[in-house]
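K.L.:
Prediction below, plus the sequence it came from.
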Amino acid sequence: MGRLQSWVRQYWPSLAAILLLWIEVAHVLATSLRMNQGHLVYALDDSYILMAMARNLARHGVWGMTPFQFSASSSGPLWTLLVACVYRAFGVNTFTPLILNLLLATLLVFAVRWILASICPALPNLYVLAVLLGVLFFSPVVNLIFLGLEHLLHMLATLLFVFYAGRILADKSPPAPASRLTLIALGAATSAVRYEGLFAVAVVAALLLLVRRRVRLAVELALWSALPAFILGVVSVGQGWFWLPNSVLLKGNLPLGEAHALGLFLARIVTNTAGSGMRVVYLEAMSLLLILWHYGEHHKSISLGPQKVAPGPPSGPAACPAVAGHQQSHSLPMWMMGIFAAVATLHLALAASNWFYRYEAYLVALGITVVAAPLWEFVRNLHWPHRFHAGDAAAVVALGLLILSANLFWRIGRLTLQLTPLAMHDTFRWHYQMGKFVQKYYQGDSLAVNDIGAADYMADIHLTDPHGLADREIGRIRLKNGGKLKPELLDAIARSRGVSVALVDENWVQFFGGFSPSAIPSTWLLAGTWRYQHRVVLVPTGLSFYALNEAAKARLMENLRQFAPLLPPDVEQVGPYTEMKAGSRRQ
């Protein structure tokens, strides 16, 4: 009993954080099921893209959006493979991504607690609980769970990789073989989960090479971490695609393509750092300021000598040796904060952020974790009145940034808890209903669909994707022409593939395709539109159904009329099929 009580006293912050996490997940799930007629749906259509690829891999052995051909559409290859393995073992189901993400979120809590204890075993339990809740609430983890995507696995892998890298870099002696293997394995896993993981690998490899002169380890880390992307790239190029998935090329901020302008590239950087990306900027600034404080303290201890340093709190068991040990010029949290700042810079310059707070979530969790112990150590040793040195001033500014950014962090954390069930209802009204419609009437047909996830997950179709995420030919054209695709070219491609029906939205296609206001080919025949009010994650106002010939239009209108009673009541139905005279009624 005594041992159990000791364990509970040590780990109660983790248990409390996990309990609160599970309670909130249960609340969001119950709310969503109530709103969506008992169906589990995820908050974005992107979730179903990964699920469709995992389904096709598990059932047909095809790495693609459809079971008919390969497509380089996954930016999370390891997650796709993991979900496919579960599907292979237990059958295709909707709950797998949710359960996996809940388990990963639980492991994340223990991982953050372990990292904090390794950096500073004397952190107060209440402070540890605050940090854990900060990671869960501000990342925001609950939102990521209900996205059903790989972001939590990426977050966990990145945290562990940066921690192990920091330990190796902080130690001037060569690492043990086990530590080398662990670092390389984590680097490979991080880059295999999401391609952004290569940012962290590149930073750590550069530090190992340029600062520690560990050439062999740097090369091994770089090669093994790049291997998953290289293998998938070789397969992709062999199938006529690009080295990187189309989703990375089309959604990222890579300066590629003949029509790519430097101004657009810089504008995307500004966009990434604005809005929710400012959370990363604040944490990056705090990290750099705390590094200055650490080295200011180190310089002060050397120049003044122990006998001249102003008296302060006792530095016995209550101190953090990894943070305040001035005899070490490079401590673990300083290396971790430096890695974080460099990775954050690369991500904000080359990747995306601000889309439902998910792309930069791993950086928020990493930033909160790495600044936690140095901030606590600074505040603990702060004297009032206090004669500030240069390093102290930097830490005070970091503390001020934390206070100034608190409102932004709180607002986004609170907002995501409110928006997640509403976003899941958006998916239910749009993508889920579209998938059911395609499954019911167009199984095995050739369709043009611009939101491809749910439709491909629920049905086996021959896909033409106007976005180019799962379409080699269209993706190549968009990359060559700065994201643009002319309507007449889209029409020619669709007709050459035998497409008879298109499910697209004018605003959405115009946004990605750079079309004129008449974004849809003029020869396409409108059969009807589903319109949506009170949208949370839906950019378009509605989903339009087009036919490419009169016979297809007649069939499409009849199918829409039959499906009309199955739609949720908050979907407004307009267009020609609602005006059909034979047994029709306006919804």
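P.N.:
Happy to help now that I have it. Numbers count the residues shown, from 1 in each chain.
K.L.:
I'd say residue 104 and residue 152 touch.
P.N.:
Yes: taking CB atoms under 8 Å as the definition, residue 104 is a contact partner of residue 152 at 4.3 Å. For the C-beta atoms, the positions are set from N, CA and C on the backbone; glycine is no exception.
K.L.:
Neighbour count: these two, which is higher?
P.N.:
Applying other CB atoms under 10 Å to residue 104 and residue 152 shows that residue 152 carries more neighbours, namely 26 against 21.
K.L.:
gap between the helix or strand containing the more buried one and the chain center?
P.N.:
Using DSSP states H and E, residue 152 falls within helix 151-170. Here the centre of mass of C-alpha atoms in helix 151-170, compared against the chain's by CA atoms, centre = their mean, to the nearest Å, lies 16 Å away.
K.L.:
average pLDDT across it?
P.N.:
Averaged over helix 151-170, pLDDT sits at 97.
K.L.:
ok, now stretch 331-344?
P.N.:
On average, stretch 331-344 scores 94.
K.L.:
Then stretch 113-125?
P.N.:
Averaged over stretch 113-125, pLDDT sits at 92.
K.L.:
How far does that stretch stretch from one end to the other?
P.N.:
One end of stretch 113-125 sits 10 Å from the other (CA to CA, to the nearest Å).
K.L.:
So what's the gap between that stretch and the chain middle?
P.N.:
Worked out by CA atoms, centre = their mean, stretch 113-125 lies 27 Å from the chain centre.
K.L.:
can I see the domain layout of this structure?
P.N.:
Residue ranges for the domains of the chain, per automatic domain parsing: 2-305+319-421, 442-579.
K.L.:
closest one to residue 434 among those?
P.N.:
domain 442-579 (5.7 Å; CB to CB).
K.L.:
From one end of the closest one to the other, what's the distance?
P.N.:
Termini of domain 442-579 sit 23 Å apart (CA to CA).
K.L.:
likewise stretch 346-355?
P.N.:
Note: stretch 346-355 ends 18 Å apart using CA to CA.
K.L.:
please renumber so the chain begins at 474
P.N.:
Sure thing, new numbering starts at 474, so read that last one as stretch 819-828.
K.L.:
pLDDT averaged over the helix or strand hosting residue 505 - what is it?
P.N.:
Residue 505 belongs to helix 475-508 when assigned by DSSP H and E. Per-region confidence: helix 475-508 scores 88 on mean pLDDT.
K.L.:
what's the following helix or strand after it?
P.N.:
Helix 475-508 is succeeded, C-terminally, by helix 519-533 (DSSP H and E).
K.L.:
Give me the contact list for the next helix or strand after that following helix.
P.N.:
Once the chain leaves helix 519-533, the next helix or strand it forms, by DSSP H and E, is helix 550-563. Contact with helix 550-563 is made by 523-524, 526-528, 530-532, 536, 547, 566, 569-570, 573, 622-623, 626, 662, 665-666, 701-702, 705, as judged by CB atoms under 8 Å, 6 or more residues apart in numbering.
K.L.:
And helix 550-563, what's buried?
P.N.:
550, 551, 552, 553, 554, 555, 556, 557, 559, 560 (16 or more other CB atoms under 10 Å).
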